[in-house]
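> Give me coordinates for this.
(one chain, ligands or ions: 1)
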Amino acid sequence: MSHPEIESVLHEDRVFEPPTEFASKARIKSLDEYNQLYEKAKANPEQFWAELAESELHWFKKWDTVLDWQPPFAKWFVGGKINISYNCLDRHLSTERRDKTALIWEGEPGDSCTFTYAELHAEVCQFANALKQLGVGKGDVVGIYMPMIPEAAIALLACARIGAPHTVVFGGFSAEALRDRLVDGKAKAVITADGGFRKDKAVPLKVAVDKALENDGAPTVEKVLVVQRTKEAVTMVPDRDYWWHELQPTLSTECEAEQMDSEDMLFILYTSGSTGKPKGVVHTTGGYNLYTHMTTQWIFDIQDDDVYWCGADVGWITGHSYIVYGPLSNGATVLMYEGAPRPSKPDCFWELIAKYKVSIFYTAPTAIRAFIKMGDHLPQKHDLSSLRLLGTVGEPINPEAWMWYHRVIGNEKCPIVDTWWQTETGGVMITALPGAIATKPGSATKPFPGILADIVDHDGNPVGENEGGFLVIRYPWPSMMRTVYGDPNRFRRTYWEHIPPKDGEYVYFAGDGARRDEDGYFWVMGRVDDVINVSGHRLGSMEIESALVSHPAVAEAAVVGRPDDLKGEDIFAFITLEGEYEASDELKVELKKHVTGEIGAIARPGDIRFSDALPKTRSGKIMRRLLRSLAAGQEVSGDTSTLEDRSVLDKLREGA
Ligand code: WTA
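Predicted coordinates:
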């Protein structure tokens, strides 16, 4: 790993103190309070988490051991019995939250509905009973392939309720990608919808499920539960496919929550890494419940009258942790939106904030950059005065986008929490606590209490102030991924052995480069592996390369990220063709379509360059560093002495 790109050049002097008014009412009110929590957690992490687990969550049975750490495998709250669906629903029913709004949902065409906690509980119970009726039980994996409708959240909670681990596949993934995940996860059932509305169109989903399952494509799948949304015609396979709206009226609104072991698997979520096919990241129940609960409470400063809106999709970890589990466990009111800004309604987000008096808004830098482009007049048309806190996630935020968010959306009064974390970490790891930690545009600021983050070199030695290095975590935390589904060795290799363990101390390697400044603030600079972050979506270069090579015209493909003003990064593919094929614009279009079919539109290359050969080392490794420079239109710098054939480089430049 040699990564000149982690030498950051960003210089930023602006500092924004937590507004006094905000801090005075916040959950964590001052830097002193944060420091005390941080030191307490550092001195005795087990005690710190155990106290919170006891006071903040409901347990059917208390644990025997807080942490069992056999590096790199951790178990939290061993012997404890818990159910996250119970913590998100049932326990609120005996309080005044019973009739509080849990979920506000707005569909893209403008239809909407709300659920109180009591109503959501009843609906989740019915859904859980439907799954049981279809033969799904504790330990059976369920695939979820859904649009952003209430039933997406309900499906998660219903699976958790009966102890069936879910594996959500983002609705933008293709049938092929869906099938791969259902096969790897050995899913017994799939929950889907006829389709969903996106950018003024009905997007079909059930047809993709049918395609994934055809010819026994995913042989473990026995049943498909289908929610009606778009009312477009779909084919229902007898004895396999069932309409939710037909089952629902026949089902009881009571379904007792299974008493799960703290370490029982809650879900698998697939994510891209630098090598191989997507990994099934495994999260378990107790630790994940606790960590998403605490982070939601302290970072989003959830108060009883807040209306909280996270703009992510349930298909990503942000949707799991911060639309569904974290907020509902805290008894918050959550807004969920099916749609996206589109030409017919570019200001739909601001309209929604005004309509529902949203007080906390959490989105991605990519979205913010798109809003900037659309113009200040759109947010300015709406009353955004209900907002009191803003958040971002998914990729580094450039200071100018941060300043715009602060000024135009936050009216210079809302703190911004820039939250760094990953599918693997389960919850936010580095972030400001809005009433306690002063923010600097572009910095995620400080680690959450209990998180021992550090920056090290290749050998695991801490680097100096303001020096670039690899971001690592030194101690287990409750919501850390437990393993790669079905491949514990891959888990060990990928995350715990990149930085060699020293004196038995294993450190978690996140795959990001970062530096820490003189105030102890973290500045995350992005991936240092071959993961490309397109609009906050993680894609592995190898995955896209495999998709390209599966096309008959492609002999070899190398895919890199290229800086992009809007998307953060865009996909750039270098391709050599099989002898009988000729480079052409039509072929480029065809290859882009091919990748969309294999993975999904989010993986479609923005640009393709054909070439006679790719730059390789003498041992045959493609030199992506050179390709990254070429894609960015930069002079190729650094060491090229290992390049096997230097003329390849000149030809690639000419091809530009
Ligand atoms: C990147 C999303 C900088 C990072 C929750 C990480 C960020 C990857 C930030 C994980 C942030 C996420 N600042 N970079 N605030 N948040 N990232 O698994 O590169 O989809 O490794 O989880 O996104 O992406 P994932």
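> Could you double-check that residue 130 sits in contact with residue 247?
Yes. The criterion here is CB atoms under 8 Å, and residue 130 meets it with residue 247 at 4.8 Å. C-betas here are computed from N, CA, C, even on glycine.
> residues bridging contact with the two, i.e. touching both?
Jointly contacting residue 130 and residue 247 under the rule CB atoms under 8 Å, 6 or more residues apart in numbering are residue 225.
> Could you report the neighbour count for the residue in the chain that the ligand sits nearest to?
When distances are taken as CB to the nearest ligand atom, the chain reaches nearest to the ligand at residue 423, 3.4 Å away. Neighbourhood size, residue 423 [other CB atoms under 10 Å]: 19.
> Show the contacting residues for it.
Contacts of residue 423 (CB under 8 Å, 6+ apart): 269, 271, 281, 316-317, 481, 538.
> Ok, residue 138 next?
By CB under 8 Å, 6+ apart, the residues touching residue 138 are 162-164, 258, 260.
> before we move on, back to that, can you tell me which of the contacts of residue 423 has the largest number of neighbours?
residue 269 leads the contacts of residue 423 on contacts (other CB under 10 Å) with 27 neighbours.
> Could you report the pLDDT at that residue?
Looking at residue 269, its pLDDT reads 98.
> where are the low-confidence patches of the stretch 251-400 of the chain?
Across the stretch 251-400 of the chain, nothing is flagged by pLDDT under 70.
> Quick check: residues of it near the ligand?
Selection of the stretch 251-400 of the chain residues close to the ligand by CB under 6 Å from any ligand atom yields 271, 316-318, 393-396.
> one step back: neighbour count: residue 130 and residue 247, which is higher?
residue 130 (23 against 17).
> ok now the helix or strand hosting that one, how far from the chain's centre?
Assigned by DSSP states H and E, residue 130 belongs to helix 117-133. Taking CA atoms, centre = their mean, to the nearest Å, the mean C-alpha location of helix 117-133 is offset from the chain mean by 26 Å.
> Run through who's touching that helix.
Under CB under 8 Å, 6+ apart, the answer for helix 117-133 is 85, 89-90, 92-93, 97-100, 102-103, 115, 142, 150-151, 154-155, 157-159, 161-162, 164, 189, 225, 242, 244, 247-248, 251-255, 328, 331.
> what's the closest of the contacts of residue 423 to residue 203?
The shortest approach to residue 203 among these belongs to residue 316, at 17.0 Å (CB to CB).
> Check which helix or strand the closest residue to that closest one other than its chain neighbours maps to.
Among residues not flanking residue 316 along the chain, residue 170 sits closest, at 6.5 Å (CB to CB, 6 or more residues apart in numbering). Counting by DSSP H and E, there is no helix or strand that carries residue 170.
> What is the neighbour count of residue 170?
Quick note: residue 170 (other CB under 10 Å) scores 20 neighbours.
> for residue 93, same thing?
A total of 14 residues lie near residue 93 under the criterion other CB under 10 Å.
> want to throw the residues of the stretch 251-400 of the chain next to the ligand into CSV with distance to residue 146 and secondary structure?
CSV is the format used below for those (distance: CB to CB, whole Å; DSSP: H, G, I helix; E, B strand; the rest coil):
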residue, distance to residue 146, secondary structure
271, 18, strand
316, 13, coil
317, 16, helix
318, 15, helix
393, 21, strand
394, 20, coil
395, 24, coil
396, 29, coil
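> hey, where'd the strands end up in the stretch 251-400 of the chain?
260-261, 265-271, 279-284, 307-310, 333-337, 360-363, 389-393 (DSSP state E, counting those that start in this stretch).
> Just checking: what are the partner strands of the longest one?
To tie it back to what came earlier, the one meant is strand 265-271. Take DSSP bridges as the rule and strand 265-271 pairs in its sheet with strand 166-168 (parallel), strand 279-284 (antiparallel).
> Tabulate the ones you listed (a markdown table), appending distance to residue 611.
A markdown table is the format used below for these (distance: least, CB to CB, whole Å):
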| stretch | distance to residue 611 |
| --- | --- |
| strand 166-168 | 38 |
| strand 279-284 | 30 |
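> Ignoring the adjacent residues along the chain, who's closest to residue 245?
Closest residue to residue 245 apart from its sequence neighbours, by CB to CB, 6+ apart: residue 228 at 5.2 Å.
> So the one you found sits against residue 196, correct?
No. Here residue 228 does not reach residue 196: they are 11.3 Å apart, not a contact under CB under 8 Å.
> between the two, which one's more packed in?
A count of neighbours by other CB under 10 Å puts residue 196 above the other of residue 228 and residue 196, at 23 against 17.
> OK, contacts around the spatially closest residue to the more buried one that is not a sequence neighbour?
In space, and not counting its chain neighbours, residue 196 is closest to residue 147: 2.2 Å by CB to CB, 6+ apart. Neighbour list for residue 147: 171, 193, 195-198, 203, 205, 229, 338 [criterion: CB under 8 Å, 6+ apart].
> do residue 604 as well
For residue 604, the contact set (CB under 8 Å, 6+ apart) comprises 571, 592-593, 595-596.
> Over to it: give its phi and psi.
Dihedral pair for residue 604: phi -70, psi 130, per degrees, to the nearest 10.
> Pull up the residues of the stretch 101-250 of the chain that are close to the ligand.
By CB under 6 Å from any ligand atom, no part of the stretch 101-250 of the chain sits against the ligand.
> Okay, helices next: where are they in the stretch 101-250 of the chain?
Remark: helices assigned in the stretch 101-250 of the chain by DSSP state H, counting those that start in this stretch are 117-133, 150-162, 175-185, 206-213, 244-247.
> and among the ones you listed, the most buried is which?
Among those, helix 150-162 has the highest mean neighbour count (mean count of other CB atoms under 10 Å), at a mean of 27.
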